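*Asks:* Fold the stuff below for me.
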Amino acid sequence: MPPALLRRPLTWARDHGPLTSRILAALFGGYAVAALSSVAVLALPADRTQAAIAGTLLSFGVYAGAVIWVFAVRSAWRAWAGLLAAALVLAPAAWWTWGKGLGA
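*Replies:* Residues are numbered from 1 along each chain as shown. This next block holds a predicted model:
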């Protein structure tokens with residue numbers, strides 16, 4: 001292959017890679033954080049039905065906030081790091097909820 005053809009995909013990846021990474025972070029990382037938050041709410045001492053409704057309502061706000069966060073930070077790395085930090089904070093409560101059988 002000629003060197004010019006090899007440079008074209010690398011140029012495209014350099015130019016569009018951060019945007020693609022942010023879109024993927026917003027779609028999948030935001031969904032993961034919203035899902036963890038909706039399950040983690042079940043760990044609160046409240047009626048299970050009320051906690052499920054509150055978790056569902058909270059997940060919409062968390063997902064919207066995650067999408068805004070991803071496109072507001074300076075780099076795609078910081079976007080992924082912020083989503084990972086939020087997931088690590090919510091994961092113990094979600095795992096505890098699933099371990100107790102409350103999330104099923």
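*Asks:* which stretches of this structure have low pLDDT?
*Replies:* 1-7, 10, 12-13, 101-104 (pLDDT under 70).
*Asks:* Quickly find the element holding residue 20.
*Replies:* helix 3-24 (DSSP states H and E).
*Asks:* next SSE after that helix?
*Replies:* Downstream of helix 3-24, the next assigned helix or strand under DSSP H and E is helix 30-40.
*Asks:* For that following helix, which residues meet the burial criterion?
*Replies:* If you call a residue buried by 16 or more other CB atoms under 10 Å, then helix 30-40 has these buried ones: 30, 32-40. The way it works is simple: take the backbone N, C-alpha and C, and place the C-beta from them, glycine included.
*Asks:* Which one of these is nearest to residue 74?
*Replies:* The nearest member of these to residue 74, counting by CB to CB, is residue 30 at 18.0 Å.
*Asks:* can you tell me which residues contact the closest one?
*Replies:* Shown in contact with residue 30 (CB atoms under 8 Å, 6 or more residues apart in numbering): 62-63, 66-67, 70, 83.
*Asks:* if we can go back for a sec, JSON lines for the buried residues of helix 30-40, including distance to residue 89?
*Replies:* Output for the buried residues of helix 30-40, formatted as JSON lines (distance: CB to CB, whole Å):
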{"residue": "30", "distance to residue 89": "15"}
{"residue": "32", "distance to residue 89": "13"}
{"residue": "33", "distance to residue 89": "9"}
{"residue": "34", "distance to residue 89": "14"}
{"residue": "35", "distance to residue 89": "14"}
{"residue": "36", "distance to residue 89": "9"}
{"residue": "37", "distance to residue 89": "10"}
{"residue": "38", "distance to residue 89": "14"}
{"residue": "39", "distance to residue 89": "13"}
{"residue": "40", "distance to residue 89": "9"}
